[in-house]
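Engineer: Pasting the sequence and the predicted model now:
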Amino acid sequence: MPDNELPGFLIIGLIFVVADGQILYRGARRYLNGPDGREGGGSVAWMMVTVFHLAAIGVLALLAVVAPDWSGSTAAFVGRLGVFLLLMAVAHVLTLAVLARRRQDHVVESRYRERELDQPDVAEQPTVTPVPGQEGRAPRVSPDIGHQGPYRA
């Protein structure tokens, strides 16, 4: 890439990366907070967007230095920018997939907690039906009919 194309390519690429990162961050923060408005989605969104920025800037830097014969004309510049945008779109989709997985994990976890809260405590329920007049979780064993005593081996 000639010296006059390199700064232009890097500046245009950085503008795209920062703009897409901001779109991802704002959308991910709202998406992870969910309809209940819980807090805590912002830090995960920031972490995901930071990884996106690092990956996209790395791809931008690699495209700026690889294939030096791919430069010298406007068509080559636009082609290199197009390849960068396609790779950035792939990174965007991967980031959205990770965010969707994170949200799904949260939904499953919250529904599991709700179900646990709705069920009565197992310790309060008897394991067997107690003998009339006997209360509690572990009723006494009735004597063995055959040998007139507790169970023997």
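Structural biologist: Noted; the coordinates are in hand.
Engineer: residues contacting Ile57?
Structural biologist: Residues near Ile57 by CB atoms under 8 Å, 6 or more residues apart in numbering: Leu14, Val17. (Each C-beta comes from the backbone N, C-alpha and C, glycine too.)
Engineer: avg pLDDT for the host helix or strand of it?
Structural biologist: Under the criterion of DSSP states H and E, Ile57 resides in helix 41-65. Taken as a whole, helix 41-65 has an average pLDDT of 86.
Engineer: For Ser73, grab phi and psi.
Structural biologist: Ser73 adopts backbone torsions of phi -130, psi 170, taken as degrees, to the nearest 10.
Engineer: I'd like to know how many residues surround it.
Structural biologist: Using other CB atoms under 10 Å, Ser73 has 11 neighbouring residues.
Engineer: Okay, helices next: where are they in the chain?
Structural biologist: With DSSP state H, the ranges of helices along the chain come out as 5-33, 41-65, 74-118.
Engineer: what's the last one packed up against?
Structural biologist: Packing contacts for helix 74-118, counted by 3 or more CB pairs under 8 Å, 6 or more residues apart in numbering; DSSP states H and E, involve helix 5-33, helix 41-65.
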